[in-house]
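Visitor: Following is a predicted model, sequence given first.
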Amino acid sequence: MSANPIIAPFPATRLRRLRQNANIRAMVTETDLSAHNLIWPIFVTEVTGAEGEIASMPGVERLTLDGAKRAAERAAELGIPSICIFPHSDQDLRTEGCERAWDPDNIGNLAIRAIKETVPELVVMTDIALDPYNANGHDGLVRDGVILNDESVEALVRMALVQAECGADLLGPSDMMDGRIGALRTALEANSHKDVAILSYAAKFASGFYGPFRDAVGASGRLVGDKKTYQVNPANREEALRCVARDLSEGADMVMVKPGLPYLDICREVKDRFGAPTFAYQVSGEYAMLEGAIRAGWLSRDTVAESLLCFRRAGCDGILTYFAPEVAEALAHK
Ligand SMILES: NCC(=O)CCC(=O)O
């Protein structure tokens, strides 16, 4: 936006002139939304019987490996460039040491390979955090109730290298430990994975909007305490910007703001200050609010595309959203 827009006094300026019909509105539309702006997060389960709809996220399912392959094919058909895999692992196999996080045959890694075999050109994004494999639901290793930073970073690097080995294209460190981006970038360079990109969950807030996600991955009853010693206080804008600056300076290729809609001020500021590829995560609670209200008849389904357009207006290059296939389908038939 220009710093000093020139507006002639009324009636010389009538802003409604450019709103009077669909074609003239189209000519002055500033922002658009396409399927290529979307990343589709999917849940993949290894637990027999756990597949199917997630109660707090109506319309979203936990998928089997076969389901994940079908989702990949659907993404490709719809022009969605990337899928992000979230594993739903067997509760009984979650440990304090999180050893399964770097098992090449854990469900997340099986899903990477299955998707890359099915649709090689799809950008497969992963999640780097220990919570899917951690007995206590935290993103890092815990000793005596303390989330250990440096030991967690070592574990996350092991996890990341195996994901890269399995064919991941885009790593999504969501753990919020200090120093992990630099450690990941160094390890990727040193292990022949120089082209694997990092989309850092840079400004990740300690939010209540993640509730349904924890149901989806079976972490709701597990979490001991909260994540406030590593995720950012929702009150803190300057701190979030420092996190983004730090991650970019350590080698993040892209950055994310999470959650999305309640944090659009941060999205705009990140884009304006850093000019880096900027993504937002429209998280599970945002999905549940919209989908719940739509199903109750209180909102129209148009609000979904509107919400995504608002991320674009706020400066986001793309959005991780559970609505991705529905919206891409609607865009294809427009
Ligand atoms: N690392 C992913 C999350 O923490 C939660 C996302 C969501 O609530 O959708």
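Guide: Happy to help now that I have it.
Visitor: ok, G67 - contacts?
Guide: Counting by C-beta atoms under 8 Å, 6 or more residues apart in numbering, G67 makes contact with 44, 51, 61. Any C-beta I mention is one placed from the backbone N, CA and C, and that applies to glycine too.
Visitor: okay, the second one: pLDDT?
Guide: Same thing as E51. Note on E51: pLDDT of 96.
Visitor: Output the contacting helices and strands for the helix or strand hosting I266.
Guide: Here I266, judged by DSSP states H and E, is contained in helix 264-274. Where contact means 3 or more C-beta pairs under 8 Å, 6 or more residues apart in numbering; DSSP states H and E, helix 264-274 is packed against strand 197-204, helix 237-250, strand 254-258, strand 278-282, helix 302-313.
Visitor: ranking the ones you listed by burial, who's on top?
Guide: Of all the helices and strands packed on helix 264-274, strand 278-282 has the most neighbours on average by mean count of other C-beta atoms under 10 Å, namely a mean of 28.
Visitor: so what strands line up beside that one?
Guide: strand 254-258 (parallel), strand 318-321 (parallel) (DSSP bridges).
Visitor: The helix or strand following that strand to strand 278-282, inter-axis angle?
Guide: Moving toward the C-terminus from strand 278-282, the next helix or strand (DSSP H and E) is helix 284-295. Here the directions of helix 284-295 and strand 278-282 differ by 60 degrees (axes from the mean of the first three to the mean of the last three C-alpha atoms, to 10 degrees).
Visitor: Compute the inter-axis angle for helix 284-295 and helix 302-313.
Guide: 140 degrees.
Visitor: what are the C-alpha coordinates of helix 284-295, in CSV please?
Guide: The C-alpha trace of helix 284-295 is given here as CSV (Å, rounded to 0.1, in the frame of the first residue of the first chain):
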residue,chain,number,x,y,z
SER,A,284,-7.3,-27.6,14.4
GLY,A,285,-9.3,-25.3,16.8
GLU,A,286,-9.8,-22.8,14.0
TYR,A,287,-11.0,-25.6,11.8
ALA,A,288,-13.4,-26.9,14.5
MET,A,289,-14.8,-23.4,15.1
LEU,A,290,-15.6,-22.8,11.4
GLU,A,291,-16.7,-26.3,10.6
GLY,A,292,-18.8,-26.6,13.8
ALA,A,293,-20.6,-23.3,13.1
ILE,A,294,-21.2,-24.2,9.5
ARG,A,295,-22.6,-27.6,10.4
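Visitor: chain center to that helix, what's the gap?
Guide: 17 Å (C-alpha atoms, centre = their mean, to the nearest Å).
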